[in-house]
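J.: just coords:
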């Protein structure tokens, strides 16, 4: 079984500041890792994914994440946030043998002017 | 290319009733997964359908059931509704054979049980 822990339930930041949303996972098997974003009253949109290869992955809207196998972490970063980045962010994992996603509880990112 | 669509958008039901939610997968995708997202929580996996067969189930009781049709669209049925079934129900489609493991989500159906 897999589990995902998002270490911050809410992250308030000012516009143009850098941000890091933290995600740790636990799994007895190899996993793929994902970050999704959810805007109010909408479904989930994929930001980025790690399947293999370089541990630094770049996604849409200027986001990037780094996979750290030894620390079982997959933290999401953006060097300069915009008001439009205000949303709920979910970290998720799936075993490499299947496609069942296990999600964290989410981090609400609020960007203030 | 048409994305994942879900109907209805919102639904209000009474405890004990039955409900059917519908999902049309993205063109070319043969796998549909359903998730329940309670308010303030992350989505929880309900089950997955691949080529019209159930292909994995989460920790949900049998009153949650589903179907997948030859065109890969899908239904989620919930019997004997309980207040705790109030949630956003998300459908996601994918094509595992592409090797991307990416799931494309629909906008969801908001179910309120009173």
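T.: Nice, I can see it. Please read these numbers as outputs of a predicted model, since none were measured by experiment.

J.: and what about the one residue sitting closest to the centre of chain B, helix, strand or coil?
T.: By C-alpha atoms, centre = their mean, chain B has its centre lying nearest to residue B:34, at 3.1 Å. Here residue B:34 takes the strand state, with states given by DSSP: H, G, I helix; E, B strand; the rest coil.

J.: that one and residue B:90 touch, don't they?
T.: Yes - in this structure, residue B:34 is within contact of residue B:90 by C-beta atoms under 8 Å, at 7.2 Å. Every residue, glycine included, has its C-beta placed from N, CA and C.

J.: number of nearby residues for residue B:14?
T.: Other residues near residue B:14 number 8, with proximity taken as other C-beta atoms under 10 Å in any protein chain shown.

J.: need the contact list for it.
T.: The neighbourhood of residue B:14, defined by C-beta atoms under 8 Å, 6 or more residues apart in numbering or on different chains, consists of B:81, B:113-114.

J.: gap between it and chain A?
T.: Distance, residue B:14 to chain A, using C-beta to the nearest C-beta, to the nearest Å: 24 Å.

J.: against residue A:92, how distant is that residue?
T.: Per C-beta to C-beta, to the nearest Å, residue B:14 is found 33 Å from residue A:92.

J.: can you tell me which helix or strand residue 42 belongs to?
T.: You didn't say which chain, so I picked chain A. Counting by DSSP states H and E, there is no helix or strand that carries residue A:42.

J.: that's the wrong chain, I wanted chain B
T.: Using DSSP H and E, residue B:42 falls outside every helix and strand.

J.: can you report how many residues neighbour it?
T.: 22.

J.: quick one, what contacts the residue of chain A found nearest chain B?
T.: Nearest to chain B, among the residues of chain A, is residue A:103, at 3.5 Å (C-beta to the nearest C-beta). Applying C-beta under 8 Å, 6+ apart, we find residue A:103 in contact with A:4, A:36, A:90-92, B:35, B:42-44.

J.: contact partners for the closest residue to it other than its chain neighbours?
T.: The shortest distance from residue A:103 to any non-neighbouring residue, by C-beta to C-beta, 6 or more residues apart in numbering or on different chains, is to residue B:42 (3.5 Å). Applying C-beta under 8 Å, 6+ apart to residue B:42 gives the contacts A:4, A:90, A:92, A:103-106.

J.: which of those are buried, as a ChimeraX select command?
T.: The ChimeraX command for the buried members of the contacts of residue B:42 (criterion: 16 or more other C-beta atoms under 10 Å in any protein chain shown) is given here:
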select /A:4,90,92,103,104,106
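
J.: any idea how far the residue of chain B found nearest chain A lies from residue B:36?
T.: For chain B, the residue closest to chain A is residue B:42, as judged by C-beta to the nearest C-beta, at 3.5 Å. For residue B:42, the distance to residue B:36 equals 10 Å [C-beta to C-beta].
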